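Chemist: Here is a sequence with its predicted model. Questions after.
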Amino acid sequence: MSKESFFDRSSHLEILQKRVYDLKNGYRQNLAIIGDEFVGKTSIIFNFLSKFSDPHIIPIYLEARLESLNSFTRRFIGVFLYNFLLNSEIPMAEDINYLINKSRGFIPRTTEKITAILAAIEKRKKINVFSDLLGLCEIIKNETGKSCVVIFDEFHNLEKIGSKKIYSEWSKLLVSQKSTMYIIISSLKYHARNILSKELSLLFGNFEVINVEPFDIKTSEQYLDKKFKEFNISVPQGIKNFLVHFTGGSPFYLEMLAENYAKNPQKDLALVLENLLFEPTGALNQRFSIYMKRLLDANYGQDYMSIIYLIAKGNNKIKEICLLTHKPQKEILQRVNGLLELDCITRSGDFLCLCDRVFAFWIKFVYQRKLNSLTFDAKNQKDLFISNFKEIIEEFLRNTQRPVGERIQELLGMFCDETIQMERKRLKLTHFREVKPLEFNRRALREGLIGRSHDALWIIALKEETLTEEDISDFAKECKKYRHKLQRKIIVAFRDVDTNARLRAMEEKILTWDLNHLNQLFDLFSKPRVIAYKNE
């Protein structure tokens, strides 16, 4: 997402502001910002830095690239000195020698160390260079009293700059440098978490992890309203809801689809997607094609492709994939682990899911169709693509007209004793012998569902308005009417849940699900998401 279109993320900005303020007051907490590519991680940092101004803090933002140690060293020193001098009223220039000369009178010990580091690099002495660079933050603190906030974007690329044992060097500094704060950013979620749990897991100096997720439903709708207002066009609510569903709230896709829809003379979403995803020159078609080529060039690329295609089609359980590929479970699990490490898929219990919803659609309706085409008739394929996409929109719109309770009842009927991961807890999706609507004789809780199997009972309440502590008490009383030992008590809240209600629910062992939880299940069973609650 571009800097100009930055939207929301207030809670993330508040954390950054608080942690930097804490640093000034002697408390240092390092941060790790992790999320999918293009979800807006760097935009958060840029927005924060654009408004940040404090003479006691030197921010050092550096994108970690695939480069030599020499190049990295010069860039780090350049940014370090540039930001030190930024408010000094000295004319600025992006020249490292100029910056060293201008800084020498203010920070002689720091510039002396910088000169020594550059001399070592010229002589190809690479030992401890990374530690020496980060050590500049402590030297300048002692000379000026200014603390540094060092930000490494896509920090995992630091592994490839040519400094051996980079994490062991860094972990020692994280413990000893009390006045330097580090913010690391990564789009490789699996790899980043692995580094944080193994290489940089410390008693002191550890990282607080901030997960940057796609926009939620409400924020996605607000973002689209803002974008379409900028283009001065009126868009049907059904189309906006579909865009939220199709993109999964990804800021990158929301922005791209909204802009292309607004520029399309016919205001035809199918044509917009055809231009982006189907046409050889389409921006998303090219992006996904390059990604697929990299994937196929990897070891076991063909196996990866088979698994990805099956997941995109909805065959997303390990047992199903083994059956359809005629391969043993051990081998499939190895390939699945490879795809997990590449951040191509995620796993939730027995289910697999592609991380990128739009990529999943492209795999199913563009890439695989072209691979399997016998005629290479571009026009026929294009017509088929548009027809498929219109069917998907129509199915989504039809489902929005159905009561949510009815849709959840249908979903419960698809459970077959699989397990999923829901907020770090494993949940068995019981195969019910009976699922039916349930009415509660309560003022605020009226609609629900009950699912029975031979060894379990699920009682579900649906709450349209804000969920309160009183609702929890009423629901707990209703559940006590049933004597079944293995009860699963769930309230699906379509609006907010107040804090007291959440705490009371925990006491009563009641699960509180919002639309995100519910849509996680709809996704796993390849059903359209619920974007707005509609009771009738």
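Modeler: Arrived safely.

Chemist: all contacts plus neighbour counts: C-alpha atoms, from now on.
Modeler: Will do.

Chemist: And the chain, split by domain according to the record?
Modeler: The chain resolves into domains spanning 3-211, 217-267, 283-400, 404-524 when parsed by automatic domain parsing.

Chemist: I'd like to know how far residue 381 sits from residue 388.
Modeler: Applying C-alpha to C-alpha, to the nearest Å, the value for residue 381 to residue 388 is 10 Å.

Chemist: Hmm, I typed the wrong one, I wanted residue 253.
Modeler: Distance from residue 253 to residue 388, by C-alpha to C-alpha: 20 Å.

Chemist: Equivalent analysis for residue 25, please.
Modeler: Distance from residue 25 to residue 388, counting by C-alpha to C-alpha: 58 Å.

Chemist: When the two are compared, which one has more neighbours?
Modeler: Neighbours were counted for residue 25 and for residue 388 using other C-alpha atoms under 10 Å; residue 388 has more, 14 against 10.

Chemist: Give the closest residue to the more buried one in space, chain neighbours not counted.
Modeler: Spatial nearest neighbour of residue 388, chain neighbours left out: residue 365 (7.8 Å); criterion: C-alpha to C-alpha, 6 or more residues apart in numbering.

Chemist: I figured that neighbour hits residue 385, correct?
Modeler: Yes: checked against C-alpha atoms under 8 Å, the pair residue 365 and residue 385 is within contact range at 6.5 Å.

Chemist: Skipping adjacent residues, who's closest to residue 137 in space?
Modeler: Closest residue in space to residue 137, ignoring its immediate chain neighbours: residue 148 at 5.9 Å, by C-alpha to C-alpha, 6+ apart.

Chemist: Residue 132 too?
Modeler: Closest residue in space to residue 132, ignoring its immediate chain neighbours: residue 117 at 7.2 Å, by C-alpha to C-alpha, 6+ apart.

Chemist: Surely the one you found is within a strand?
Modeler: No: counting by DSSP: H, G, I helix; E, B strand; the rest coil, residue 117 is located in no strand; its state is helix.

Chemist: Tally up the residues packed near residue 231, please.
Modeler: Residues within reach of residue 231, counting by other C-alpha under 10 Å, total 12.

Chemist: now residue 398
Modeler: By other C-alpha under 10 Å, 11 other residues sit near residue 398.

Chemist: The helix or strand containing it: how far from the chain's middle?
Modeler: If you go by DSSP states H and E, residue 398 is part of helix 378-400. On the basis of C-alpha atoms, centre = their mean, to the nearest Å, helix 378-400 sits 27 Å off its chain's mean C-alpha point.

Chemist: That helix: which residues count as buried?
Modeler: By neighbour count on 16 or more other C-alpha atoms under 10 Å, the buried set for helix 378-400 is 381-382, 385-386, 389-390, 393, 396-397, 399-400.

Chemist: Let's have the residues you listed in a markdown table, adding distance to residue 234.
Modeler: Formatted as a markdown table, the buried residues of helix 378-400 follow (distance: C-alpha to C-alpha, whole Å):
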| residue | distance to residue 234 |
| --- | --- |
| 381 | 31 |
| 382 | 28 |
| 385 | 26 |
| 386 | 23 |
| 389 | 22 |
| 390 | 20 |
| 393 | 18 |
| 396 | 20 |
| 397 | 18 |
| 399 | 23 |
| 400 | 20 |
